[in-house]
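*Asks:* Take a look and give me a structure for this.
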Amino acid sequence: MSNMKDPKFKSNLLLATYVVVLAFIFINIKSVGNVFGSTMTMLKPFLIAICIAFVLNIPMKFYEEKVLDKVIKQPKKRRPFAIILTIITIIAIIVGLVLFIIPQLVESGSTLVKNIPDYVKTLEMFMAEHFSKTEVFDELWNQVLSMGENIIKVVGQVTGSLVSQVVDITVGVTSTIINFFMGTLIAIYILLSKEKLGIQAKKMLYAFFDRGKADKVMEVASISNNKFSKFITGQCIEAVILGGLCFIGMTIFSMPYALLVSTIIGVTALVPIFGALIGTIPAAFIIFMVEPMTAVWFIILIVVIQQIEGNLIYPMVVGNSIGLSAIWVLLAITVGGSTFGILGILIGIPLFGVLYTLLSTITNSKLKEKNIKVEDID
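*Replies:* Residues are numbered from 1 along each chain as shown. Coordinates of the predicted model:
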């Protein structure tokens, strides 16, 4: 019984338990993986709900504190109306973008299909004029024929498995829609009861951990909430700025579809740094259908704007909002993207901001313990 109170015995017991659990996981890695996968599948609507609630909380707070506070004096009664206004705003933006962008993309696609015979005829005339009756032309033509045969084979293979692919895609899309719908409903409940849920979480935290560790967890949670909220706000501001620069540039150079293309660039710019480049593809396609040469100049314009945005505006708007300099923003995107792909690009900057703040706090605390002033180091 006395051994149980011995700190060394407790430490050894904890280490032995950790080794046994770790060995069990490695021995049954496949079963553990299946259990983990099934658990994550069941929890997916709740994880989606947390993400949705976090994003919706930003405009909801704006409506609560800046709009409804003058109309409804009691804070508890503002919440339902703030949530309704937030959802209406999000739906209006999505519907507006869909109704604005999709028809134009369809029209551009139809134009492409209609003009294919003219494109082929122009290509034939060009080939006949420059390569007719030459070995180069014969070789090129044979490659085209070979490519055509390969395309036919690929189309045949795709057609054979098309039914199963359609079924898989339908099931996947349906599952995603259901998870998103359930996640939205749960998110609304979270927003309605966020203070109550927060108090419950704090009670459990302080009940199962000593006060020092619980305080540290709360500090990390507070910093994370602050950084991620500022990142989302800054990213939205950045998207508006980039879309505005694109519209101004296209208007100055009299490029077609300035408003439509700028909207596409602005929406895709919600993805940090590389979003605008992704949006350039459909945007350039739309312009190419009307004025092919202008599409080239548009790409050059976007590259210039992207350089200004990536090296100057983005670090200032988003970087400053979460306390990171330009070099740390670029490092966060590079490391996050290379490690976790798209997800790493999306969350790399705020996550790096959290780590940077924590590391700065620890560093300053260590310096203070050693009676070293920052001014002396500088």
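*Asks:* How many neighbouring residues does the residue nearest to Gly336 when sequence neighbours are not counted have?
*Replies:* In space, and not counting its chain neighbours, Gly336 is closest to Gly348: 2.3 Å by Cβ to Cβ, 6 or more residues apart in numbering. (C-beta placed from N, C-alpha, C; glycine too.) Here the count is done by other Cβ atoms under 10 Å, and Gly348 has 24 residues near it.
*Asks:* Give the other helices and strands that the helix or strand that Gly348 is a member of contacts.
*Replies:* Assessed by DSSP states H and E, Gly348 sits inside helix 342-369. Counting contacts by 3 or more Cβ pairs under 8 Å, 6 or more residues apart in numbering; DSSP states H and E, helix 342-369 packs against helix 211-252, helix 326-340, helix 374-377.
*Asks:* between those, which one is nearest to Thr263?
*Replies:* Across the helices and strands packed on helix 342-369, Thr263 has its closest neighbour in helix 211-252 (6.5 Å, Cβ to Cβ).
*Asks:* Next, the angle from the closest one to helix 342-369.
*Replies:* Between helix 211-252 and helix 342-369, the angle comes out at 130 degrees (axes from the mean of the first three to the mean of the last three Cα atoms, to 10 degrees).
*Asks:* neighbours around the residue lying closest to Ala283 once chain neighbours are set aside, how many?
*Replies:* Nearest residue to Ala283, sequence neighbours excluded (Cβ to Cβ, 6+ apart): Val261, at 4.4 Å. If you count neighbours by other Cβ under 10 Å, Val261 ends up with 26.
*Asks:* neighbouring contacts of the helix or strand that Val261 is a member of?
*Replies:* Using DSSP H and E, Val261 maps to helix 258-268. Outside helix 258-268, the residues within contact range by Cβ atoms under 8 Å, 6 or more residues apart in numbering are 97, 100-101, 104, 239-240, 242-244, 246-247, 250-251, 255, 275-276, 278-280, 282-283, 286-287, 298, 302.
*Asks:* now could you export just the CA positions of that helix as PDB?
*Replies:* Extracted C-alpha coordinates of helix 258-268, given in PDB (Å, rounded to 0.1, in the frame of the first residue of the first chain):
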ATOM      1  CA  ALA A 258     -14.700  42.200 -65.700                       C
ATOM      2  CA  LEU A 259     -17.300  41.800 -62.900                       C
ATOM      3  CA  LEU A 260     -17.800  38.100 -63.400                       C
ATOM      4  CA  VAL A 261     -14.100  37.200 -63.600                       C
ATOM      5  CA  SER A 262     -13.300  39.400 -60.600                       C
ATOM      6  CA  THR A 263     -16.000  37.600 -58.600                       C
ATOM      7  CA  ILE A 264     -14.500  34.200 -59.500                       C
ATOM      8  CA  ILE A 265     -11.000  35.400 -58.500                       C
ATOM      9  CA  GLY A 266     -12.300  36.900 -55.200                       C
ATOM     10  CA  VAL A 267     -14.200  33.700 -54.300                       C
ATOM     11  CA  THR A 268     -11.200  31.400 -55.000                       C
END
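*Asks:* Which SSE is immediately downstream of it?
*Replies:* Defined by DSSP H and E, the subsequent element after helix 258-268 is helix 275-290.
*Asks:* Pull up the per-residue confidence for the residue nearest to Gly336.
*Replies:* If you check Gly348, the pLDDT there is 82.
*Asks:* Touching, it and Ile333? I think so.
*Replies:* Yes. Using Cβ atoms under 8 Å, Gly348 makes contact with Ile333 at a distance of 5.5 Å.
*Asks:* Find the residues that touch each one of those two.
*Replies:* Pro272.
*Asks:* how about the nearest residue to Ala258, chain neighbours excluded?
*Replies:* Ala258 sits nearest to Met250 (Cβ to Cβ, 6+ apart), 3.9 Å away.
*Asks:* Equivalent analysis for Ala276, please.
*Replies:* Spatially, and ignoring its direct neighbours in sequence, Ala276 is nearest to Ala269 (4.8 Å; Cβ to Cβ, 6+ apart).
*Asks:* Quick check, Ala187 in contact with Ile52.
*Replies:* Yes. Using Cβ under 8 Å, Ala187 is in contact with Ile52, at 3.9 Å.
*Asks:* between these two, who's got more neighbours?
*Replies:* Using other Cβ under 10 Å, the more surrounded residue of Ala187 and Ile52 is Ala187, with 25 against 20.
*Asks:* I'd like to know which of the contacts of helix 258-268 are buried.
*Replies:* Buried subset of these (neighbour count, 16 or more other Cβ atoms under 10 Å): 101, 104, 239, 242-243, 246-247, 250, 255, 275-276, 279-280, 282-283, 286-287, 298, 302.
*Asks:* For Val35, report the pLDDT, please.
*Replies:* Reported pLDDT for Val35: 68.
*Asks:* One more: Lys10?
*Replies:* At Lys10, the pLDDT recorded in the model is 59.
*Asks:* do Phe81 as well
*Replies:* Confidence score, pLDDT, at Phe81: 90.
*Asks:* Find the nearest non-adjacent residue to it, please.
*Replies:* Here the residue nearest Phe81, using Cβ to Cβ, 6+ apart, is Leu68, at 5.8 Å.
*Asks:* residues in contact with that neighbour?
*Replies:* 78, 81-82, 85.
*Asks:* Can you give me the buried ones in stretch 227-246?
*Replies:* For stretch 227-246, by 16+ other Cβ under 10 Å, it's 227-236, 238-239, 241-243, 245-246.
*Asks:* So what touches that stretch?
*Replies:* 54-55, 57-58, 261-263, 265-267, 269-270, 272, 275-276, 301-302, 305, 308-309, 313-314, 317-318, 321-323, 347, 349-351, 353-354, 357.
*Asks:* then that stretch to CSV, C-alphas only?
*Replies:* Provided in CSV are the C-alpha atoms of stretch 227-246 (Å, rounded to 0.1, in the frame of the first residue of the first chain):
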residue,chain,number,x,y,z
LYS,A,227,-6.0,33.5,-34.1
PHE,A,228,-8.4,31.5,-36.2
SER,A,229,-11.2,34.1,-35.9
LYS,A,230,-8.8,36.9,-37.1
PHE,A,231,-7.5,34.6,-39.8
ILE,A,232,-11.0,34.0,-41.3
THR,A,233,-11.8,37.7,-41.1
GLY,A,234,-8.5,38.7,-42.7
GLN,A,235,-8.9,36.1,-45.4
CYS,A,236,-12.3,37.5,-46.3
ILE,A,237,-10.9,41.0,-46.4
GLU,A,238,-8.0,39.8,-48.6
ALA,A,239,-10.4,38.1,-51.0
VAL,A,240,-12.4,41.4,-51.4
ILE,A,241,-9.2,43.3,-52.0
LEU,A,242,-7.9,40.8,-54.6
GLY,A,243,-11.2,40.8,-56.4
GLY,A,244,-11.3,44.6,-56.4
LEU,A,245,-7.7,44.8,-57.8
CYS,A,246,-8.7,42.3,-60.6
